[in-house]
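Novice: Need the 3D shape of this:
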Amino acid sequence: MSTSLAHRILQSFRMRHAGATSVATYFVARGFGARAAVDQALARLARSGDLQRVDRGVYQLPRRHPQFGVLAARTADVVDAVRRSQGSTTVKVQPDGAFAANQLGLSTQVPMQAMWLTSGRGRTTRIGRQVLRFVHDTSLPVSLLGTTAGQVIVALRWLGPDGASPQDLQRLGRQLSDADKGRLARVGPRQPVWMRAAIGQLAHGG
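Specialist: Numbering: from 1, shown residues only. The predicted structure is shown next:
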């Protein structure tokens, strides 16, 4: 493993920002080197403290706090790293289930296992004790992945037929842009019957 490979990988991290996170396959796909060499370079950078190992094959340019030292990786940075590792800028991801409902303010539950839908390949990674599962799922149109409209759809599915109160729908409605309302109007008729009234209200509400 050459020092130049480790240097190139570190420079790639530093060109972004503190907290920048990448996975080994990202560097392999972009021709930095073979997987074994990339793994060795990343491990060397982690041992030196230049990078922080988040999980197997997942590394971060450390964020340092003057009082607390090196901070834990942020979920958003790890999610972006997994998305970018797919080798395509068109890969989309979005939270599913309880995690989606939590982000939309519909639930105070913060699941220890957060599921993300992806148009790319699935994988499982960890941030401390939290598990992030990326699942390739075709139940949601790719055009909705990564949008607030898509997040609303999966949150409503998680809440179930009697789970969304009028207050919940008002809260969701305030988070929707006109573009998201248009997306909901287009996909609403293809959703389960019990969801259509709520989606219609959100799509056509003021």
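
Novice: okay, now K181: neighbour count?
Specialist: When neighbours are counted by other CB atoms under 10 Å, K181 registers 18. All C-beta atoms are positioned from the backbone trio N, CA, C, and that covers glycine.

Novice: Below-threshold pLDDT in this protein: ranges please.
Specialist: Counting by pLDDT under 70, the chain has low-confidence residues at 1-3, 87-89, 206.

Novice: all strands for it, in order.
Specialist: Using DSSP state E, the strands of the chain run over 21-23, 52-55, 58-60, 64-65, 69-70, 93-95, 113-118, 123-127, 130-136.

Novice: Map the structural domains onto the sequence of the protein.
Specialist: 3-74, 90-204 (automatic domain parsing).

Novice: quick one: which of those domains is nearest R84?
Specialist: Between R84 and the domains of the chain, the tightest spacing by CB to CB is seen for domain 3-74, at 5.7 Å.

Novice: got a list of what G33 touches?
Specialist: Contacts for G33 were tallied using CB atoms under 8 Å, 6 or more residues apart in numbering; they are 5, 27, 41.

Novice: quick one: which of these sit in helices?
Specialist: Counted as lying in helices by DSSP state H, out of those, are 5, 27, 41.

Novice: export the residues you listed to a markdown table and tack on distance to G57 and neighbour count?
Specialist: As requested, those are arranged in a markdown table below (distance: CB to CB, whole Å; neighbours: other CB atoms under 10 Å):
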| residue | distance to G57 | neighbour count |
| --- | --- | --- |
| L5 | 16 | 19 |
| F27 | 10 | 23 |
| A41 | 12 | 25 |
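
Novice: returning to that earlier point: need the domains of the chain in CSV (columns: distance to R84).
Specialist: Output for these, formatted as CSV (distance: least, CB to CB, whole Å):
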stretch, distance to R84
domain 3-74, 6
domain 90-204, 8
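
Novice: hmm, back to that, and G160, which of the strands of the chain is closest to it?
Specialist: Nearest to G160 among the strands of the chain is strand 113-118 (16.5 Å), distances taken as CB to CB.

Novice: which residues sit against the closest one?
Specialist: Under the contact criterion CB under 8 Å, 6+ apart, strand 113-118 has outside partners 75, 79, 82-83, 86, 91-97, 99, 130-137, 140, 145, 154.

Novice: what about it, distance to the chain center?
Specialist: Relative to its parent chain, strand 113-118 has a centroid offset of 7 Å by CA atoms, centre = their mean, to the nearest Å.

Novice: can you check stretch 147-160 too?
Specialist: The chain centroid and the centroid of stretch 147-160 are separated by 15 Å under CA atoms, centre = their mean.

Novice: same check, this time on stretch 48-61
Specialist: Worked out by CA atoms, centre = their mean, stretch 48-61 lies 18 Å from the chain centre.

Novice: was I right about T75 contacting T125?
Specialist: No - proximity of T75 to T125 does not meet the contact threshold set by CB atoms under 8 Å, at 10.4 Å.

Novice: can you list residues touching both of the two?
Specialist: Each of L132 lies in contact with both T75 and T125 under the rule CB under 8 Å, 6+ apart.

Novice: Looking at the two, which has the bigger crowd around it?
Specialist: Between T75 and T125, counted using other CB under 10 Å, the more crowded position is T125 (20 against 15).
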